[in-house]
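Novice: Sharing a sequence plus its predicted fold:
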Amino acid sequence: MSTLFEELVEVQEEVTTGSLAQVIVYNDDVNTFDWVIECLMEICNHTFEQSEQLSLLVHFKGKATVKTGSFEKCKPIKDALVDRGLSAVIEMTVSE
């Protein structure tokens, strides 16, 4: 009989195997453009220009994908953005 933890690990492995993770930042009424740009530069290692363009997408479109990769690569990035007060989530897509 497996434990709940073992079952959760199995589910996570199923989700992350063959999947591509996307870190998505959502617009909010709290964070400034400068703060979002600074966070994207420091956490995602984007250039100023990339960070500025992404912050404009977040503002005008309501959200933007700021990083893609494996779940293992994206999770600490999402966590760091959330720790700084940004609204960020990970969405999984099945790679073909």
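Specialist: Here it is on my side, so go on. Keep in mind that this is a model prediction, so the values were computed, not measured.
Novice: Return the residues in contact with the residue minimising distance to the centre of the chain.
Specialist: Note on the chain: the residue nearest the mean C-alpha position is Val23, at 2.0 Å, using C-alpha atoms, centre = their mean. Shown in contact with Val23 (C-beta atoms under 8 Å, 6 or more residues apart in numbering): Cys44, Thr65, Val66, Lys67, Thr68, Cys74, Ile77, Lys78, Leu81, Ala88, Val89, Ile90. In this view, the C-beta of every residue, glycine as well, is placed from N, C-alpha and C.
Novice: where does the nearest residue to the fourth one once chain neighbours are set aside land on pLDDT?
Specialist: Okay, so that is Lys67. With C-beta to C-beta, 6 or more residues apart in numbering as the criterion, Lys67 has its nearest non-adjacent residue at 4.2 Å, and that residue is Val23. Looking at Val23, its pLDDT is 98.
Novice: so which helix or strand takes in Val23?
Specialist: strand 19-26 (DSSP states H and E).
Novice: Most neighbours out of the contacts of Val23, which is it?
Specialist: Neighbour count (other C-beta atoms under 10 Å) singles out Val66 as the most crowded of these, with 27 neighbours.
Novice: Need the pLDDT of the closest residue to Phe33 other than its chain neighbours.
Specialist: Leaving aside its chain neighbours, Phe33 sits nearest to Ser55 (5.1 Å; criterion: C-beta to C-beta, 6+ apart). On pLDDT, Ser55 comes in at 97.
Novice: residues near Ser55, how many?
Specialist: Ser55 is flanked by 24 other residues according to other C-beta under 10 Å.
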